[in-house]
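> With the sequence up front, the predicted model follows.
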Amino acid sequence: MFQFSSATRGLLVVTATAFLALPAAAQVTASEPKDKTPKYSNEFLNLGVGARALGMGNVQVSLADNATAGYWNPAGLVNQKNKYDGVLMHSELFSGVVKNDYGAFSMPIDEQSAIGVSVMRLGVDNIADTRSLVNEYGQINYDQITYFSVADYALLLSYARKLGNIEGLSVGANGKIIYRNIGKFATGYGFGIDAGIQYNHKGWNLGLMARDITTTFTQWNINADEYRKGANADVAIGKDAIPTNSSEITLPRFVLGAGRRFELPKQFSALVAVDLETTTDGERNTLVSTSAVSVDPRLGVELGYKNLVFLRGGAGNYQQIEEFTDTPGVYKSSWKGQYSLGAGVAVSALRIDLALSRLPVEKLGSSSQTNSLIVSLGYGFK
């Protein structure tokens, strides 16, 4: 008969306690009208960071053990192999239109605890403002074109600590500050808290991450005067009302992860991990979807040789997509997922990782681009 160790029982209790918060969060969502559910709020924070993780289908909650743990699961910061660790990442989405940049640093403060800091930016730059291109006399003046950027920023301050009475168990938390900018038109400021737990025992890795556990609040400030600038501002705005100052709430999401490392012959190794991401902002287009919660399962695999060279793959983000048929007005539904491939090299303290991720959409033509290339560098200081 299989028996749980005391450490495993402790983790199960903590996991069960965290998931008891799901009905409460779902109750808030279910009580709101469907069109008022704050779905996809601050979604830029859920794209993922680090080419290793993205090459494994964003499966990392139970595995993160370097500076990227500040994002994936802050509890993993105490498990990093080097005293100091830093990571930089750059990726481009939608044929380079959207730039995604990330940097993180972590270090221990004593034998039981560690801290980390992470910075993220997702933005579209050099957007043309042509409201003053044509003056009141109908003349075109290209010198009147100005440019602005739309960008989202986040700063994560992380703390992690080992629980001394249970070997292999650690907890962590993030305090995050959000700044969102739409040129001179609007700015948003927000703050929130994440919490995580990780447990490593005999090759098994278990983790639980609770994002926006207290809900994340973002306040938007609108510059109405900027909307009215330009000779053709009235035409550009049309009948649409100018937005007003408002607040935005991001509801909690929970990610439960498990992974197992296997040693193979001839110095090969295999790492297999699964994450279950549960959102509480209403019904989403996921494999498991209800009016209260939606669950998105993900799978990641990493094959290694001498802990030097790695090949990775992942699958997740399955969505039901409607496609055209030969009969007008008739559509065919099918499930499509997001698949990723990756590779990495670890030379001494330097880590170089690449990932290629394909979005779950059909190509509209030969010029359509659905792939995203991600590059990240990591370095561990003794």
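Great, that's in hand. Numbers count the residues shown, from 1 in each chain.

> Can you give me the end-to-end span of stretch 54-70?
This stretch, stretch 54-70, spans 15 Å end to end (CA to CA, to the nearest Å).

> any idea of the mean pLDDT for that stretch?
The pLDDT scores in stretch 54-70 average 95.

> now that stretch, how far from the centre of its chain.
Relative to its chain's centre, stretch 54-70 lies at 11 Å (CA atoms, centre = their mean, to the nearest Å).

> cool, stretch 216-228 as well?
25 Å.

> Just list whatever residues bridge to the nearest residue to Leu54 once chain neighbours are set aside.
The shortest distance from Leu54 to any non-neighbouring residue, by CB to CB, 6 or more residues apart in numbering, is to Ala355 (4.2 Å). For glycine as for every other residue, the C-beta is placed from the backbone atoms N, C-alpha and C. Legend: beta-bridge partners of Ala355 under DSSP bridges are Gly342, Ile374.

> number of nearby residues for Ala355?
27 (other CB atoms under 10 Å).

> Relative to Trp72, how far out is Phe191?
According to CB to CB, to the nearest Å, Phe191 and Trp72 sit 20 Å apart.

> same question but for Lys99, I mixed them up
With CB to CB as the criterion, Lys99 and Trp72 are 21 Å apart.

> Between the two, which has more neighbouring residues?
Trp72 (28 against 16).

> distance of that one from Met209?
Distance, Trp72 to Met209, using CB to CB: 7 Å.

> quick one: common contacting residues for these two?
When contacts are counted by CB atoms under 8 Å, 6 or more residues apart in numbering, Trp72 and Met209 are jointly contacted by Val61.

> Quick check: phi and psi on the residue nearest the centre of the chain?
Taking CA atoms, centre = their mean, the centroid of the chain lies closest to Asn46, which sits 2.2 Å from it. Here is the backbone geometry of Asn46 (degrees, to the nearest 10): phi -110, psi 10.

> residue contacts, it?
Asn46 sits in contact with 211, 253, where contact means CB under 8 Å, 6+ apart.

> same thing but 7 Å
With contact taken as CB atoms under 7 Å, 6 or more residues apart in numbering, Asn46 is in contact with no other residue.

> now do the one 3 residues further on
Contacts for Val49 were tallied using CB under 7 Å, 6+ apart; they are 68, 71, 89, 102, 120.

> same check, this time on Val301
Counting by CB under 7 Å, 6+ apart, Val301 touches 56, 272, 312-313.

> residue ranges with poor pLDDT in the protein?
Residues of the chain that meet the criterion pLDDT under 70 lie in 1-37, 230-240, 358-370.

> How many residues are close by Leu299?
Neighbours of Leu299 (other CB under 10 Å): 16.

> what sits against it?
Counting by CB under 7 Å, 6+ apart, Leu299 makes contact with 57, 59, 274, 314-316.

> tell me the SS of it?
Each residue gets one of three states, and Leu299 gets strand by DSSP: H, G, I helix; E, B strand; the rest coil.

> Show me what it is bridged to.
Val274, Ala315.

> same question, Ala128
Residues in beta-bridge contact with Ala128 (DSSP bridges): Tyr147.

> Isn't Ile242 up against Glu226?
No. Using CB atoms under 7 Å, Ile242 makes no contact with Glu226, being 9.7 Å away.

> Comparing the two, which shows the higher neighbour count?
Glu226 (17 against 14).

> A helix includes the more buried one, no?
Yes. Counting by three-state DSSP, Glu226 is part of a helix.

> List the residues that contact the closest residue to it other than its chain neighbours.
Closest residue to Glu226 apart from its sequence neighbours, by CB to CB, 6+ apart: Lys184 at 4.7 Å. By CB under 7 Å, 6+ apart, the contact set of Lys184 is 148, 223, 226.
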